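**Student:** Let's see this in three dimensions:
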Amino acid sequence: MSSDKITKAMILAAGRGTRMRHLTDAVPKPLVKVADRPLIDYMLDKAQAAGVTECVVNLCYLGDMIRSRLEKRTGMKIVFSVEAEALETGGGVKKALPLLGDKPFFVLNSDPLWTEPAEPALKKLEQAWNPETTDVLLMLQPMNRVFGHDGTGDYFIEDGKPRRRVEGETSAPYVFAGAQILHPRIFKESPEGKFRLTELYDKAERAGRLQCIVHDGDWFHVGTPEATALAEKVFGGHRSE
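**Tutor:** Numbers count the residues shown, from 1 in each chain. This next block holds a predicted model:
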């Protein structure tokens, strides 16, 4: 819907990844390998294929290892936002806003993997983005095509718009898939320091400015050693995914 190309992205890479147990004792979660490639490389590939030319990566836990890996990468400008302590998803993006500018940008988790049977997911996100009506555009995944995730779903879709599951609702049919487009204006009057992006999703939902697309491939949350092993079986035979 928007004619403006989205050329900037942020990849969230500052977390500890405690559920990965021994796998992240000496290696940060974004560098955990699936099919001999670090997780963050898969996401950088997707961003680059979508036309992103500059990517911000936030660093905290073992951040120097991530920096050393990414400084060798070519084809995209990568800049780093260093956090003395992890600021959660919202605080991390807010700290990086001076690097991201005043136009909409992708925000991507570093740990999911997904297959793309048709159109690339990030291009679908960009095509659905309408800055006139939207501050936050989420990629959602149907729970019946989610692997390695033991949650109960995050969102319903009602009248074409996402509604976050609230306390008392035991399940929801869609999970947030770790990819989104944000407009910087959603950070106006946001908290200082640590906070989660879900606070901004709720703000956009209340204002009627939260939208979504539904991904049509399979989605793998690489959040535990068991989930990593499952993804290895799939992506070990499909390294181009």
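**Student:** what about residue 193, how many residues close to it?
**Tutor:** 11 (other C-beta atoms under 10 Å). All C-beta atoms are positioned from the backbone trio N, CA, C, and that covers glycine.
**Student:** 549 is where my numbering starts, stick with that
**Tutor:** Got it, the first residue is 549 from now on, which makes the last one we talked about residue 741.
**Student:** Can you tell me the closest non-neighbouring residue to it?
**Tutor:** The shortest distance from residue 741 to any non-neighbouring residue, by C-beta to C-beta, 6 or more residues apart in numbering, is to residue 639 (5.7 Å).
**Student:** Show the contacting residues for residue 697.
**Tutor:** Listed by C-beta atoms under 8 Å, 6 or more residues apart in numbering, the contact set of residue 697 reads 723, 767, 769, 771, 775.
**Student:** 6 Å - rerun?
**Tutor:** Shown in contact with residue 697 (C-beta atoms under 6 Å, 6 or more residues apart in numbering): residue 769.
**Student:** quick one, phi psi at it?
**Tutor:** Per-residue torsions, residue 697: phi -130, psi 120 (degrees, to the nearest 10).
**Student:** Would you mind listing the buried residues in the helix or strand encompassing the residue nearest to residue 741?
**Tutor:** Counting by DSSP states H and E, the element that carries residue 639 is helix 636-648. Under the neighbour-count criterion of 16 or more other C-beta atoms under 10 Å, helix 636-648 has 636, 637, 638, 639, 640, 641, 642, 643, 644, 645, 647, 648 buried.
**Student:** these two touch, right, the fifth one and residue 606?
**Tutor:** Yes. Distance between residue 640 and residue 606: 4.6 Å, which falls inside the contact criterion (C-beta atoms under 6 Å).
**Student:** thought the residue nearest to residue 741 was touching residue 742?
**Tutor:** Yes. Residue 639 is within contact range of residue 742, at 4.7 Å (criterion: C-beta under 6 Å).
**Student:** shared neighbours of residue 640 and residue 606, which are they?
**Tutor:** What both residue 640 and residue 606 touch, as defined by C-beta under 6 Å, 6+ apart, is the set residue 562.
**Student:** Could I get the full set of strands for this structure?
**Tutor:** Here the chain has its strands, by DSSP state E, at 556-560, 581-582, 585-586, 602-607, 625-630, 653-657, 660-662, 684-690, 694-695, 703-706, 709-712, 722-730, 758-762, 767-769.
**Student:** what sits against residue 752?
**Tutor:** 683, 684, 758.
**Student:** Residue 759 is in contact with the second one, correct?
**Tutor:** I take that to be residue 684. No. Taking contacts as C-beta under 6 Å, residue 684 lies outside contact range of residue 759: 7.3 Å.
**Student:** which of those two has more neighbours?
**Tutor:** Neighbour tally, residue 684 and residue 759, criterion other C-beta under 10 Å: the higher count belongs to residue 684, 24 against 21.
**Student:** so where's this structure shaky on pLDDT?
**Tutor:** Counting by pLDDT under 70, the chain contains low-confidence residues at 549-551, 565-573, 785-789.
**Student:** in it, what residue sits furthest out from the centroid?
**Tutor:** Distance to the chain centre peaks in the chain at residue 716, reaching 26.5 Å (criterion: C-alpha atoms, centre = their mean).
**Student:** quick one, phi psi at that residue?
**Tutor:** Torsion angles, degrees, to the nearest 10, at residue 716: phi 100, psi -20.
**Student:** and residue 552, how many neighbours?
**Tutor:** 10.
**Student:** Excluding covalently adjacent residues, which one is nearest to it?
**Tutor:** Closest residue to residue 552 apart from its sequence neighbours, by C-beta to C-beta, 6+ apart: residue 651 at 6.8 Å.
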